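Asks: return a 3D structure for these sequence lines:
(chains A and B)
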Amino acid sequence: AQSVTQLGSHVSVSEGALVLLRCNYSSSVPPYLFWYVQYPNQGLQLLLKYTSAATLVKGINGFEAEFKKSETSFHLTKPSAHMSDAAEYFCAVSLKAAGNKLTFGGGTRVLVKP
Amino acid sequence: NAGVTQTPKFQVLKTGQSMTLQCAQDMNHEYMSWYRQDPGMGLRLIHYSVGAGITDQGEVPNGYNVSRSTTEDFPLRLLSAAPSQTSVYFCASSEWQGALTEAFFGQGTRLTVV
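Replies: So this is what the prediction gives:
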């Protein structure tokens, strides 16, 4: 069965500092991988996705993520945090063998300090 | 473009009551799904549908029913509400091409069962 682990339920960063959110997946074959963002009182919005093309994926709002098969990881980064990046971030995985259903990690809430 | 519309946004139920959460999408997407979001647990799949007339269970289906009579609508029914069903519910839709593409989420329904 596929699973996703996000290290750290809360992350606090200073404005202008690097944002690093960690995601590890468990799967016997490379899955499709996604990062979603949820702003307060809203639904989820896709940030970026990995679907077996380039291992470094660029998304919206300056975020990017790198797929590392050897580490079964898909960490999300942004070089310089903005106040508007305060939100909850979810890593998700889907496998063709599992009917392409999305499985989400527990989420990481990002706080940006001025 | 409305995207995915969920109603109601908020609901309070008494234990044992039943209700239907509505979800409609105007993007002609084949794949629709329902998730519940609980703190620290990410989103968990309740039920999903790959097209009109076809539904299947997700990770946490007990206590919920769904139907898909049209491409646009995918209502979620709570048969006899329990306090354990207090949660935020999200409906999502995506294109179905043999692999998941971007999932579009509604704004959510915050349900409290007392």
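Asks: quickly note the distance from A:Ala92 to chain B.
Replies: Separation of A:Ala92 from chain B (C-beta to the nearest C-beta, to the nearest Å): 8 Å. Yep, even glycine has a C-beta here, placed from its N, CA and C like the rest.
Asks: residues contacting A:Ser28?
Replies: Applying C-beta atoms under 8 Å, 6 or more residues apart in numbering or on different chains to A:Ser28 gives no contacts.
Asks: quick check, it in a helix?
Replies: No - if the criterion is DSSP: H, G, I helix; E, B strand; the rest coil, then A:Ser28 is coil and not within a helix.
Asks: chain B against chain A: which residues are in contact?
Replies: Chain B comes close to chain A at residues B:4, B:33, B:35, B:40-45, B:48, B:56, B:58-59, B:90, B:92, B:98-100, B:102-103, B:105-108, as judged by C-beta under 8 Å from any C-beta of the partner chain.
Asks: show me where chain A has its helices.
Replies: With DSSP state H, there are no helices along chain A.
Asks: for it, which residues are neighbours of chain B?
Replies: Residues of chain A found near chain B (C-beta under 8 Å from any C-beta) are A:4, A:6, A:9, A:32, A:34, A:36, A:41-46, A:49, A:51, A:90, A:94, A:96, A:99-107.
Asks: quick one: buried ones out of the residues of chain B next to chain A?
Replies: Among these, those classed as buried by neighbour count (16 or more other C-beta atoms under 10 Å in any protein chain shown) are B:4, B:33, B:35, B:42-45, B:48, B:58, B:90, B:92, B:100, B:103, B:105-108.
Asks: restricted to strands, list those.
Replies: With DSSP state E as the criterion, strands contain B:Val4, B:Ser33, B:Tyr35, B:Leu43, B:Arg44, B:Leu45, B:Tyr48, B:Phe90, B:Ala92, B:Phe105 from among those.
Asks: give me the residue ranges of chain B where confidence is low.
Replies: Chain B contains residues with pLDDT under 70 at B:1, B:96-100.
Asks: check which helices and strands the helix or strand bottoming out on mean pLDDT in chain A sits against.
Replies: Among the helices and strands of chain A, strand A:103-104 carries the lowest confidence by mean pLDDT, DSSP states H and E, at a mean of 88. Packing partners of strand A:103-104 (3 or more C-beta pairs under 8 Å, 6 or more residues apart in numbering or on different chains; DSSP states H and E): strand A:3-7, strand A:87-94, strand B:43-51.
Asks: what's the closest non-adjacent residue to A:Gln45?
Replies: Nearest-residue entry for A:Gln45: A:Val37, 5.4 Å, with adjacent residues in sequence omitted and distances by C-beta to C-beta, 6 or more residues apart in numbering or on different chains.
Asks: actually B:Leu45, not the one I typed
Replies: Spatially, and ignoring its direct neighbours in sequence, B:Leu45 is nearest to B:Gly58 (3.1 Å; C-beta to C-beta, 6+ apart).
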